[in-house]
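K.L.:
Quick one, fold the following:
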Amino acid sequence: MTPELPTVPEGVELCGVVLHPAGHTRSPAMHRAAFAACGVAARYEAFDVEPDDLGPFMARVREAGVRQLAVSIPHKQSILEYVDEVSEEARAIGAVNTVTRRSDRLEATNTDWLGAMRALEDEGSAKLSEARAVVLGAGGTARAVAFGLVRRGAHVSVLNRTVPRAEAVAAAVGAEGAGGLDALASLEPEILVNTTSVGLGSDVSPIPADAIPRGALVMDAVYEPERTRLLRDAEARGARPLGGKWMLVFQGAEQFRLWTDREAPIDVMARAFDQAGRSAG
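P.N.:
Presented below is the predicted three-dimensional model:
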């Protein structure tokens with residue numbers, strides 16, 4: 001069933017994140033905290049929309065004049081059908097995570113790739129240019145991360161359980177290689193990024209522990225739990241683990257900037273991320 005949009009007072013912008021299911025998202029806590037810290041009159045909600053209901057939901061978004069919409073799994077590719085303009089980056093990636101209303105038009109872009117690259121670069125020991133990198137997965141997040149790594153000059157391979165999907169992502173973003181998950185052992189990447197949902201809310205990993213390259217930087221886009229099985233295995237192997245927190249915070253900060261024309265209070269958003277995790281626990 002298509003969710004109803006709440007009525008907001010005059011002068012207050014309605015915004016939110018569209019996803020399914022909605023239980024795991026920390027985006028509302030982060031953006032509400034950022035809006036409060038910066039005095040932005042906005043209400044941010046999580047909209048649980050099943051795939052078949054996305055069209056009717058987006059019609060309501062237009063009718064209600066929703067100002068801001070973050071887009072999460074499983075809608076990052078299908079939402080392209082319901083917007084008016086798509087940025088060069090989002091078109092190249094083939095996936096959207098940010099929609100902004102300008103007058104009566106819905107403009108779509110992708111900040112996931114910027115969030116991922118900043119998270120990797122801020123880790124301090126990751127040189128992306130010329131690095132051997134592997135992206136696990138073939139969804140919208142995989143497309144964004146692989147796109148960002150290619151743009152930063154890395155040598156990128158996309159691996160997925162279904163090889164044709166990995167090949168499609170690699171071709172779309174200009175990655176150098178693609179294959180199944182079992183190809184990881186022969187690639188010896190310096191950077192490994194998991195973009196699959198394996199490990200979300202469960203103690204499983206998308207790959208065997210002994211396939212993790214020693215000394216590599218291993219980032220898991222999954223942030224629930226914060227120390228996934230993949231990250232614990234990486235640490236035990238002598239690799240450097242990096243959780244999904246900062247990718248989410250940094251992509252959200254770029255959304256905030258696009259929506260408000262202000263720099264985001266990153267520390268505020270990071271604290272809200274942590275507090276939302278403690279509340280959920």
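K.L.:
List the contacts of A46.
P.N.:
Applying C-beta atoms under 8 Å, 6 or more residues apart in numbering, we find A46 in contact with G16, V17, L19, A22, T25, S27, P28. For the C-beta atoms, the positions are set from N, CA and C on the backbone; glycine is no exception.
K.L.:
any idea how far S72 is from the closest residue in space to it that isn't next to it in sequence?
P.N.:
Excluding its sequence neighbours, the residue lying closest to A46 (C-beta to C-beta, 6 or more residues apart in numbering) is A22, at 4.5 Å. Note on A22: its distance to S72, by C-beta to C-beta, to the nearest Å, is 9 Å.
K.L.:
thinking again about what came up before, how about the contacts made by the residue nearest to A46?
P.N.:
A46, F47, D48.
K.L.:
what distance separates the helix or strand P241 falls within from the middle of the whole chain?
P.N.:
According to DSSP states H and E, P241 maps onto strand 240-242. Relative to the mean C-alpha coordinate of its chain, strand 240-242 is positioned 18 Å out (C-alpha atoms, centre = their mean, to the nearest Å).
K.L.:
Would you map the strands across the stretch 1-150 of the chain?
P.N.:
Counting by DSSP state E, counting those that start in this stretch, the stretch 1-150 of the chain has strands at residues 13-19, 42-48, 68-71, 85-86, 98-102, 105-109, 132-136.
K.L.:
same question, the stretch 151-281 of the chain
P.N.:
According to DSSP E, counting those that start in this stretch, the strands that the stretch 151-281 of the chain contains are 155-159, 177-179, 191-194, 217-220, 240-242.
K.L.:
quick one, helices of the stretch 151-281 of the chain?
P.N.:
163-173, 184-187, 229-236, 245-260, 266-280 (DSSP state H, counting those that start in this stretch).
K.L.:
ok, of the ones you listed, where does mean pLDDT dip lowest?
P.N.:
Of all the helices of the stretch 151-281 of the chain, mean pLDDT reaches its minimum on helix 266-280 (a mean of 90).
K.L.:
now the angle from that helix to helix 245-260?
P.N.:
Inter-element angle recorded for helix 266-280 and helix 245-260: 120 degrees (by axes from the mean of the first three to the mean of the last three C-alpha atoms, to 10 degrees).
K.L.:
Can you show me the CA trace of helix 266-280 as CSV?
P.N.:
Taking C-alpha atoms only, helix 266-280 is exported to CSV below (Å, rounded to 0.1, in the frame of the first residue of the first chain):
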residue,chain,number,x,y,z
ILE,A,266,29.2,16.5,9.9
ASP,A,267,30.0,16.1,13.6
VAL,A,268,26.4,16.5,14.5
MET,A,269,25.3,14.0,11.8
ALA,A,270,27.9,11.5,13.0
ARG,A,271,26.8,11.8,16.6
ALA,A,272,23.2,11.3,15.5
PHE,A,273,24.2,8.1,13.6
ASP,A,274,25.8,6.8,16.8
GLN,A,275,22.8,7.7,19.0
ALA,A,276,20.4,6.0,16.5
GLY,A,277,22.5,2.8,16.8
ARG,A,278,22.4,2.9,20.6
SER,A,279,18.6,3.5,20.5
ALA,A,280,18.1,0.6,18.1
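K.L.:
Appreciated, that's everything.
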